[in-house]
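>>> Build the 3D model from these lines:
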Amino acid sequence: MKISGLIGLSFFALSACASSPQTEVKDADERMVQQCQFLGHVSGGSMLGGAMQRRARERAQNEAIREAAKLGATHIVWRNVHSTSSQGATADGDAYRCPKSLR
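Residues are numbered from 1 along each chain as shown. I've put the predicted structure just below:
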């Protein structure tokens with residue numbers, strides 16, 4: 001019984017550590033998306049704080065990337081990525097779908 005519990009905890013811990021979504025949404029700047037279709041604004045957040053600010057920013061950005069992927073985006077232009085030790089992190093961006101020639 002202890003072994004099965006340990007295996008279950010190990011699986012949970014490994015699945016919780018996945019930091020980046022399995023998408024093909026790439027970071028971009030304004031120049032890169034000039035010929036692309038704007039799909040909408042996306043955002044993400046994380047309540048982690050304190051010494052975990054870097055991880056909180058990653059989680060917030062990953063949430064926004066997943067939202068962009070649901071829209072069919074190929075690129076994201078970050079507008080604001082912010083974290084504080086007491087309030088966690090937020091990430092806001094614009095999602096674009098670019099022609100295959102620009103991917």
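>>> roughly how far apart are the residue most central in space within the chain and Q35?
Nearest to the geometric centre of the chain sits N62, at 1.2 Å (Cα atoms, centre = their mean). Separation of N62 from Q35 (Cβ to Cβ, to the nearest Å): 27 Å. Placement of C-beta: from N, CA and C, glycine included.
>>> Please apply the same query to A89.
From A89 over to Q35 (counting by Cβ to Cβ), the distance is 31 Å.
>>> circling back: I'd say the residue nearest to the centre of the chain and S43 touch.
No: N62 is beyond contact range of S43, at 11.9 Å (criterion: Cβ atoms under 8 Å).
>>> Spatially nearest residue to T90, not counting backbone neighbours?
Spatial nearest neighbour of T90, chain neighbours left out: G45 (5.0 Å); criterion: Cβ to Cβ, 6 or more residues apart in numbering.
>>> And E30, how close does it get to G93?
12 Å.
>>> ugh, wrong one, A68
7 Å.
>>> residues shared between the contacts of the two?
V42, I76 (Cβ atoms under 8 Å, 6 or more residues apart in numbering).
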